[in-house]
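1. Sequence and predicted structure are below.
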Amino acid sequence: MSGIFTTHSADETRTLGKTLAEQIRPRTLLCLSGDLGAGKTTFVQGLLGGLGATRPYTSPTFVIMKQYELSVPTANGIRRVYHADAYRVEAHDFEHLGFAEWCADPEGLVILEWPERVEKILPADATKISFVSKSENEREIIFG
Ligand code: ADP
Ligand code: MG
């Protein structure tokens, strides 16, 4: 997916996440940037739902990384999802937790919130999505 999308409700943002789930390939690092309330978590809920991950989709802010094993692999061959949040950690903590291994999993998808916190260890081929709050219900979601 590429380009700029404007959504007008949380549901529309979830639907966009679900659409990405149909296309995303294994061994992708998905970096989600944007201020608090910009819609990152809402988008991830749609993405995880579309991938068929088992609920609850709890935020990994306090656990740093939450791993989902998909009971049914996606058509593209994703079998597990690593949802990570770098808000409370330093790059070296992330390295110790196994960030490089998550990214190298040939059947994995890594979803990373607050990537700017660990910028220096991000691979160059990361996929980037930015979230911008334009008004109360309007969010701009920029792929690439
Ligand atoms: P983040 O994870 O970036 O901090 P959240 O997804 O937790 O953001 O919060 C987004 C908030 O904005 C939610 O309360 C959601 O209902 C609201 N919202 C309003 N309009 C939208 C929209 N178009 N897309 C996503 N969220 C929206
Ligand atoms: Mg969030």
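-> Right, received. Where do you want to start? Ligands and ions are numbered 1, 2, ... in the order given.

2. Going by C-alpha atoms from here, please, whenever you check contacts or count neighbours.
-> Fine.

3. can you give me the strands for this protein?
-> Secondary structure of the chain (DSSP state E): strands at 3-7, 28-33, 65-69, 80-85, 108-113, 127-135, 138-143.

4. Quick one: residues in contact with the third one.
-> Right, strand 65-69. Applying Cα atoms under 8 Å, 6 or more residues apart in numbering, the set of residues contacting strand 65-69 from outside is 53, 54, 59, 60, 79, 80, 81, 82, 83, 84, 85.

5. what about 10 Å?
-> By Cα atoms under 10 Å, 6 or more residues apart in numbering, the residues outside strand 65-69 that reach it are 48, 52-55, 57-60, 78-86, 94, 97, 99, 102, 108-112.

6. Any of these buried? List them.
-> Using 16 or more other Cα atoms under 10 Å as the burial test, those include 48, 52-53, 57, 59-60, 78-86, 94, 99, 102, 108-112 as buried.

7. anything in stretch 37-46 sitting right up against ligand 1?
-> Yes. Counting by Cα under 6 Å from any ligand atom, ligand 1 has neighbours in stretch 37-46: 37, 38, 39, 40, 41, 42.

8. List the contacts of the residue nearest the centre of the chain.
-> Nearest to the mean C-alpha position of the chain, by Cα atoms, centre = their mean, lies residue 111 at 3.0 Å. Applying Cα under 10 Å, 6+ apart to residue 111 gives the contacts 28-32, 44, 47-48, 65-66, 81-85, 103, 127.

9. ok, 6 Å please
-> 30, 83 (Cα atoms under 6 Å, 6 or more residues apart in numbering).

10. Ok, residue 106 next?
-> residue 27.

11. how close does it sit to ligand 1?
-> Here the distance between residue 106 and ligand 1 works out to 27 Å (Cα to the nearest ligand atom, to the nearest Å).
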